[in-house]
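> this is the structure alone, sequence omitted:
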């Protein structure tokens, strides 16, 4: 039986997109493995890191976090509950608008980042071990151009 031609990528662009999709899972697995000793997943770490890079005097609301991370609000809520239970963040109700919740990183959250960031950055760097420095710069520029 002959395979349908639809299974063959119709263009080099489609082939590249498929490769990017396939390696995304491998990348997440590598980052999760690096963060495993800290008992935190890549997605929770990304949220915590985003709070770290946000100004302390401007706490974020869950809807802003969801928008910045490109995930559903329900997913953010689950992650916030977990992070709060582990004392890595605090959620406080806005004093003037009871519907608004402000999310901030705690000192324990800062300590976790201080411990985990070196391994996170090393895992990120290891993803490009097979590339030369020139290839790494070129790929970085090309992926930034895609800017998904």
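That came through, no problem. These numbers were taken from a predicted model, which means no experiment stands behind them.

> okay, now the unreliable bits of the chain?
Across the chain, the ranges flagged by pLDDT under 70 are 1-5, 7, 55, 148.

> residues contacting the residue positioned nearest the centre of it?
Centrality entry for the chain: nearest residue to the mean C-alpha point is residue 46, 4.0 Å, by Cα atoms, centre = their mean. With contacts taken as Cβ atoms under 8 Å, 6 or more residues apart in numbering, residue 46 has the following neighbours: residue 69. Quick note: C-beta positions are derived from backbone N, CA and C, even for glycine.

> now do the SS call for it.
Using DSSP: H, G, I helix; E, B strand; the rest coil, the three-state assignment for residue 46 comes out as helix.

> could you measure from it over to residue 120?
Taking Cβ to Cβ, to the nearest Å as the criterion, residue 46 is separated from residue 120 by 10 Å.

> same check on residue 40?
When Cβ to Cβ is the yardstick, residue 40 and residue 120 sit 10 Å from each other.

> still on that earlier bit, look up how far residue 84 lies from the residue nearest to the centre of the chain.
Noted for residue 46: a distance of 16 Å to residue 84, by Cβ to Cβ.

> that older thread, separation between the residue nearest to the centre of the chain and residue 90?
Counting by Cβ to Cβ, the gap between residue 46 and residue 90 amounts to 18 Å.

> for residue 117, same thing?
In this structure, residue 117 and residue 90 are 21 Å apart, going by Cβ to Cβ.

> over to residue 22?
With distances defined as Cβ to Cβ, the gap from residue 22 to residue 90 amounts to 39 Å.

> of those two, which one has the most company?
The neighbour comparison of residue 22 against residue 90 (other Cβ atoms under 10 Å) goes to residue 90, with 15 against 9.

> secondary structure class for that one?
Assigned with three-state DSSP, residue 90 falls in the strand class.

> ok, it - contacts?
For residue 90, the set of contacting residues under the criterion of Cβ under 8 Å, 6+ apart consists of 84, 103, 104, 106.

> where along this structure do the helices fall?
Here the chain has its helices, by DSSP state H, at 12-35, 42-53, 62-69, 73-85, 107-126, 133-146.
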